[in-house]
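Student: Provided below are the primary sequence and the corresponding predicted coordinates.
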Amino acid sequence: MRAVPRAGTRGVSRRSGTSETVRAAEFRRIGRLALLCAASLGVSGLGACMPKPVDPVPAPPVPEPFARIPYVQNVGLHEATILWMTPEEAVDSLRFRLSDASETWRTAPVSQRGHGVRAARLVGLPADTEVEYEVYGRETRSGPWTFRTAPESGARDTLRVLLFGDSGWGSEDQIRLSRRMDRMSWDLAIHVGDIAYYDGSETDFTDRHFRVYSRMLTRTPFFPSVGNHDVRADGGESYDRAFDWPEAVAGTRFYSFRWNTVLFLALDTSSHTEDVQGLFAGRGRQYAWLEQTLQAAQTDPSVKWIVVYGHHPPYSHAVGISGHGPAYGIRSSLPPLFDRYDVDLMAAGHDHHYERTVAIRDRRPVPDGCGSVYIIQGAGGASRYARDVGSSPASAFASREFSFTELMFVGDRLYGRTIGVDGATQDEFTILPNAGPESPGCRE
C-alpha cells in the first residue's frame, strides 16, 4: 500500500528504392513476411495479411524538400523537441512563439542526427501553454503548427491519452484507424511498440508511421516504447534518430515522464541488451531503475496514477501457433513489483489483438481498485497473428478487431474506451486507483 494516500482514491541507412541491393532486401523482407503469413493463414490466405500501399489521404501534402514534416516529441512543463527530415545537404531553420499575436518569433538551434533527421530543442516555455512553430527546409515552410506544453501537477481535471500499438503495417485498417485518431483531440499518445514493420528501417518509419500519422504528430506529443520490429534493420539506430525521450540512463530506451498527476514509465523489452535480459530475469539496471522510480512515486502525494507500458505482455490469451502469448519472464519479474508499489495499469502489445484483464494481485483476480489492470493494445493495424483469443478468470474483454484505446483520467477514475475502424466502441471500462491490499474493500 502506498505510504501517502492518494486524494479521492478508494483506499541504418535510408533506402532509395532504386538500387538492386535495395530491391533484393525488399524481396527478402517480403519472403520473411510471406512465411509468417503462411503460418498464420495458410498459403491461400497470403493476400489477406500482406501490407498494402500506404494511402496518402490522411496526411497533408509533404512539400519538397521534407520527407517527414515536423513532429513534436519529449514535451515537458517548459520544453519540447521538434524533429523533421529533409535531405542531408539542406540548410534548415525553426522558429517558434507562444500562440499570441503579440508574441515575437524566436529561433532555436537545429542539430543534425544523420540521414536527414533534424532536431530543435525549445526551452524556457511556460507550462500548459500553446506554442506555435514553423520549420523552413531550404526556402519551403512547413507550418505553422501548434502543440501544448504539459500542465503543472493537479492544474487540470482531465487528461486524455491515446494508446495504440503494433500499428506500422501499411494496411488499409491502419489508415482507417489513423483517420479516426486524427478526428479526436489528445493531450498525448503512448505507443506499445512495433511502430514500423517489417524491419524498422528509415523508410519503414517514414512511410508507415510519420506519413500515416503526420497531421496528428505535428500537435500531439508522442511517447514511444520500442518493439522487436523497430530494432531489426540496424539495431535500432533508425528508431533512435526518429524519436526523442526523457533520458533515464544514458544510451538506453527506457524512461519515465509526468503529465499532470499521472506517472508514465516506458519500458524497453525489445532491445538486444543486458538491460532487457535483466528485466526479464528481475535484475539489472533497467529493473533497478523501475523499482526505484516506483518506490519514489509511492511516497509522492502528487502522483495519483501510475501507468507502465512496454511491448511484451505478462498476460495474453492469444490462441494458435501464430499467437505469441504471455512473456513468461516479464510475468515472473514485473507483476510482483507492480503489486508492491500499487501500479494501476500496464499496457503492452506484441500480440495483435486487444485484451483487458480485471484487477490482478498475486496473479489472481481481485476486486476493482485492489490490483493492477493489464491491457494488450496490439490491434493498431498489423496482421492478426492469433487465430483466436481465449479467456481465463482474469479476462474482462478481448477482441481480434482492429482498434485503438482512449484513456481518460478524471480525478479518481480512469475511463477507457476502445474504438474500431468503423468508429464503434468495442469496449468501455472504468479503472479505480490501485489502493493496495490493506485498503477497505481489499482485505480478505
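Tutor: Cool, the structure landed.

Student: local confidence estimate at residue 273?
Tutor: Note on residue 273: pLDDT of 96.

Student: can you get me a residue count around residue 427?
Tutor: Number of residues near residue 427 (other C-beta atoms under 10 Å) recorded here: 19. Using the backbone N, CA and C atoms, a C-beta is placed for each residue, glycine as well.

Student: for the one 10 residues further on, same thing?
Tutor: Under the neighbour criterion other C-beta under 10 Å, residue 437 is assigned a count of 17.

Student: same question, residue 409
Tutor: 24.

Student: repeat that for residue 261.
Tutor: 23.

Student: where do the strands sit along the stretch 51-200 of the chain?
Tutor: Taking DSSP state E, counting those that start in this stretch as the criterion, the stretch 51-200 of the chain contains strands spanning 68-73, 80-85, 92-98, 106-108, 110-114, 117-122, 130-137, 140-148, 158-164, 188-191.

Student: so how far is the last one from its chain's centroid?
Tutor: This means strand 188-191. 5 Å (C-alpha atoms, centre = their mean, to the nearest Å).

Student: state the mean pLDDT of the helix or strand just after it.
Tutor: Later in the chain than strand 188-191, the nearest helix or strand by DSSP states H and E is helix 202-205. Helix 202-205 carries an average pLDDT of 94.

Student: could you pull out the helices for the chain?
Tutor: 20-41, 46-49, 172-182, 202-205, 214-217, 237-242, 274-281, 284-298, 328-341 (DSSP state H).

Student: mean pLDDT and distance to residue 274 for the strands of the stretch 51-200 of the chain - can I get that in JSON lines?
Tutor: Formatted as JSON lines, those follow (pLDDT from 0 to 100; distance: least, C-beta to C-beta, whole Å):
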{"stretch": "strand 68-73", "mean pLDDT": "97", "distance to residue 274": "27"}
{"stretch": "strand 80-85", "mean pLDDT": "98", "distance to residue 274": "28"}
{"stretch": "strand 92-98", "mean pLDDT": "95", "distance to residue 274": "37"}
{"stretch": "strand 106-108", "mean pLDDT": "95", "distance to residue 274": "36"}
{"stretch": "strand 110-114", "mean pLDDT": "95", "distance to residue 274": "25"}
{"stretch": "strand 117-122", "mean pLDDT": "97", "distance to residue 274": "27"}
{"stretch": "strand 130-137", "mean pLDDT": "95", "distance to residue 274": "38"}
{"stretch": "strand 140-148", "mean pLDDT": "95", "distance to residue 274": "36"}
{"stretch": "strand 158-164", "mean pLDDT": "97", "distance to residue 274": "29"}
{"stretch": "strand 188-191", "mean pLDDT": "98", "distance to residue 274": "24"}
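
Student: may I see those arranged in JSON lines, with mean neighbour count as well?
Tutor: Shown next, in JSON lines, are the strands of the stretch 51-200 of the chain (neighbours: other C-beta atoms under 10 Å):
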{"stretch": "strand 68-73", "mean neighbour count": "24"}
{"stretch": "strand 80-85", "mean neighbour count": "24"}
{"stretch": "strand 92-98", "mean neighbour count": "19"}
{"stretch": "strand 106-108", "mean neighbour count": "14"}
{"stretch": "strand 110-114", "mean neighbour count": "14"}
{"stretch": "strand 117-122", "mean neighbour count": "20"}
{"stretch": "strand 130-137", "mean neighbour count": "20"}
{"stretch": "strand 140-148", "mean neighbour count": "18"}
{"stretch": "strand 158-164", "mean neighbour count": "20"}
{"stretch": "strand 188-191", "mean neighbour count": "23"}
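
Student: distance to residue 240 added to those strands, as a markdown table?
Tutor: Below are the strands of the stretch 51-200 of the chain laid out as a markdown table (distance: least, C-beta to C-beta, whole Å):
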| stretch | distance to residue 240 |
| --- | --- |
| strand 68-73 | 12 |
| strand 80-85 | 12 |
| strand 92-98 | 20 |
| strand 106-108 | 21 |
| strand 110-114 | 8 |
| strand 117-122 | 10 |
| strand 130-137 | 21 |
| strand 140-148 | 22 |
| strand 158-164 | 21 |
| strand 188-191 | 15 |
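
Student: tell me which of these approaches residue 422 most closely.
Tutor: strand 158-164 (16.2 Å; C-beta to C-beta).

Student: who are the packing partners of that closest one?
Tutor: The contact analysis (3 or more C-beta pairs under 8 Å, 6 or more residues apart in numbering; DSSP states H and E) places strand 158-164 against helix 172-182, strand 188-191, strand 373-377, strand 403-410.

Student: and it, which strands flank it?
Tutor: strand 188-191 (parallel), strand 403-410 (antiparallel) (DSSP bridges).

Student: so where do the strands sit in the stretch 301-444 of the chain?
Tutor: 305-309, 318-319, 345-348, 354-357, 360-361, 364-365, 373-377, 388-389, 395-399, 403-410, 413-420, 425-431.

Student: right, and those strands - which one's nearest residue 137?
Tutor: strand 403-410 (30.6 Å).

Student: roughly how far does the most centrally placed residue in the chain sit from residue 232?
Tutor: Closest to where the C-alpha atoms of the chain average out (C-alpha atoms, centre = their mean) is residue 191, at 1.2 Å. In this view, residue 191 and residue 232 are 17 Å apart by C-beta to C-beta, to the nearest Å.

Student: ditto for residue 403
Tutor: 25 Å.

Student: who's more crowded, those two?
Tutor: Neighbour count, other C-beta under 10 Å: between residue 403 and residue 232, residue 403 has more, with 26 against 21.

Student: quick one, what contacts the more buried one?
Tutor: 177, 354, 377, 379, 380, 418, 419, 420, 421, 426 (C-beta atoms under 8 Å, 6 or more residues apart in numbering).

Student: ok, the last one touching residue 354?
Tutor: Okay, so that is residue 426. Yes - counting by C-beta atoms under 8 Å, residue 354 is a contact partner of residue 426 at 6.9 Å.

Student: who touches both of those two?
Tutor: Shared contacts of residue 426 and residue 354, counting by C-beta under 8 Å, 6+ apart, come down to 397, 399, 401, 403, 418.

Student: just those residues now: which is nearest residue 142?
Tutor: Distances from residue 142 to these, taken by C-beta to C-beta, are shortest for residue 403, at 30.8 Å.
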